[in-house]
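Participant: got a predicted structure here, sequence first:
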Amino acid sequence: MGIEPVAPRIAGLSSDYIAKQIHLFQQGDRQNPTMTPMAMTVQGDAIGQVADYFAAQSVPAPTIVTRGSQLAFDTV
């Protein structure tokens, strides 16, 4: 169990992974009421550009509150 974030964190994930997920949303193989419409707006070379942008972003360190929640809710 854990506390789910409001939006997925994709910063720092591989460009190939992000591009594949965009394609999966576009093909209907992945579904999400928020992400599917967003994925549908990205076409052609823009998919790689978006994927490269997010892959290049640094991953923020978890806050003490976030880490405390993980410890409290993810352990038995």
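Facilitator: Done, it's in.

Participant: where does this protein dip in pLDDT?
Facilitator: 1-7, 62-65, 75-76 (pLDDT under 70).

Participant: tell me which residue is most central in it.
Facilitator: Of all residues in the chain, the one closest to the mean position by C-alpha atoms, centre = their mean is residue 10, 3.4 Å from it.

Participant: residues contacting the closest residue to residue 10 other than its chain neighbours?
Facilitator: Ranked by C-beta to C-beta, 6 or more residues apart in numbering and with sequence neighbours excluded, the top spatial neighbour of residue 10 is residue 54, at 4.9 Å. Glycine gets a C-beta too; all of them are placed from N, C-alpha and C. Listed by C-beta atoms under 8 Å, 6 or more residues apart in numbering, the contact partners of residue 54 are 10, 11, 12, 13, 15, 18.

Participant: may I see the buried residues of the helix or strand where residue 54 lies?
Facilitator: In this assignment (DSSP states H and E), residue 54 forms part of helix 45-56. Residues of helix 45-56 classed as buried by neighbour count (16 or more other C-beta atoms under 10 Å): 47, 50, 51, 54, 55.

Participant: nearest to residue 38, of those?
Facilitator: Nearest to residue 38 out of the buried residues of helix 45-56 is residue 50 (C-beta to C-beta; 9.7 Å).
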